[in-house]
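S.K.: Dropping the sequence and predicted coords here.
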Amino acid sequence: MIALRWLYILAAALSFNATAQTTTAAPDVVATAPLPRVLIGVPHNVFSKLDQGRPTGIMLETLDTLVQQMGYQPSYISIPPSDMVAALESGQIDIASVRIQSARSKEKSHFSAPIVTEFNIPITRAGSDMKIRSLADLQGRTIAGRIGFHYPALENVPNMKLERFDSDAAMVRALLLKKVDIAIIAGLSDIFMFRTEGVLRQVDVSDAAIGSVPLRAAFSAKRFTAEQVADFNKRLAEFQQGDSWQDVLDRNGFADLVKDWPAIQ
């Protein structure tokens, strides 16, 4: 009887242990699908560059944040600006981080709303006491501009000479050597670079612009639909209304430069 009772106890224990193992077994791990990747072209300028592989610059940091919000995993490749259009239209890259929209390019790609706007700003030599309050103040002046750049506001200014230079540094050099009276620089990128180099101490910067160029991200039509870019634009508008946008501007040294410059009439 005693032996039989212990057999019952042993059988019950084994049954309980099997049940416990069944109920406490670890659940199967459910694998999550990786996020779809997108390749972003980086021109390596003040708006978009890589720092040891990390996206930096006000446009690339913004793009990185919003693309991840849309459910993509961004990766990056450095591409010269001259090769960016062909790379985008061929599908070699999915997004170009800095582009200027033109009538032709608009037919080939989807463009975002402007992320920032680059303004054309007149500068003069410090202490020259030359005030530029209207386009009439440009009459009779020699003005330095960039080769390949278009300045529509200057086309109707009479008795004005526009000299073309192949770099912004060459324009400023001509201004300081008194070979020209005025130079037209970029209100964001040039002022950012010139103040780090001490150039701004030698010039006076106008508080108004003679034109502007919106800078956008461009999306490959082979990868993105117009509806997806509209979603990006909605997220962009919300992002630029929040503190995160101001943090991006502060971190990159553009907080006082990204603004609406009034137009010289």
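M.R.: Noted; the coordinates are in hand. Remember, it's a predicted structure, so these values are computed and weren't measured experimentally.

S.K.: From now on I want contacts and neighbour counts done on CA atoms only, so please keep to that.
M.R.: Will do.

S.K.: residues in contact with stretch 217-230?
M.R.: The contact list for stretch 217-230 (Cα atoms under 8 Å, 6 or more residues apart in numbering) reads 63, 88-89, 91, 93-99, 108-115.

S.K.: Okay, and which of those residues map to helices?
M.R.: 63, 88-89, 108 (DSSP state H).

S.K.: Scan these and report the most crowded one.
M.R.: residue 63 (24 neighbours; other Cα atoms under 10 Å).

S.K.: all strands of this structure, in order?
M.R.: 37-42, 49-51, 54-56, 73-78, 95-99, 109-111, 116-125, 142-146, 161-165, 182-186, 203-205, 211-220 (DSSP state E).

S.K.: Could you report the neighbour count for the nearest residue to residue 38 once chain neighbours are set aside?
M.R.: Ranked by Cα to Cα, 6 or more residues apart in numbering and with sequence neighbours excluded, the top spatial neighbour of residue 38 is residue 74, at 5.0 Å. Burial of residue 74, expressed as a neighbour count using other Cα under 10 Å, amounts to 19.

S.K.: how much space is there between residue 74 and residue 257?
M.R.: Distance, residue 74 to residue 257, by Cα to Cα, to the nearest Å: 28 Å.

S.K.: And residue 243, by the same measure?
M.R.: Distance from residue 243 to residue 257, by Cα to Cα: 17 Å.

S.K.: any idea which of the strands of the chain is most buried?
M.R.: A comparison of the strands of the chain by mean neighbour count, using mean count of other Cα atoms under 10 Å, puts strand 95-99 on top with a mean of 26.

S.K.: list the helices and strands it packs on?
M.R.: Applying 3 or more Cα pairs under 8 Å, 6 or more residues apart in numbering; DSSP states H and E, one finds that strand 95-99 contacts strand 37-42, helix 58-69, helix 81-90, strand 211-220.

S.K.: if we can go back for a sec, between residue 243 and residue 257, who's got more neighbours?
M.R.: residue 257 (15 against 9).

S.K.: residues contacting that one?
M.R.: With Cα under 8 Å, 6+ apart, residue 257 has these contacts: 187-188.

S.K.: 6 Å - rerun?
M.R.: Residue 257 is in contact with residue 188, counting by Cα atoms under 6 Å, 6 or more residues apart in numbering.

S.K.: List the residues that contact the residue nearest the centre of the chain.
M.R.: By Cα atoms, centre = their mean, the chain has its centre lying nearest to residue 59, at 1.6 Å. When contacts are counted by Cα under 6 Å, 6+ apart, residue 59 is found next to 47-48.
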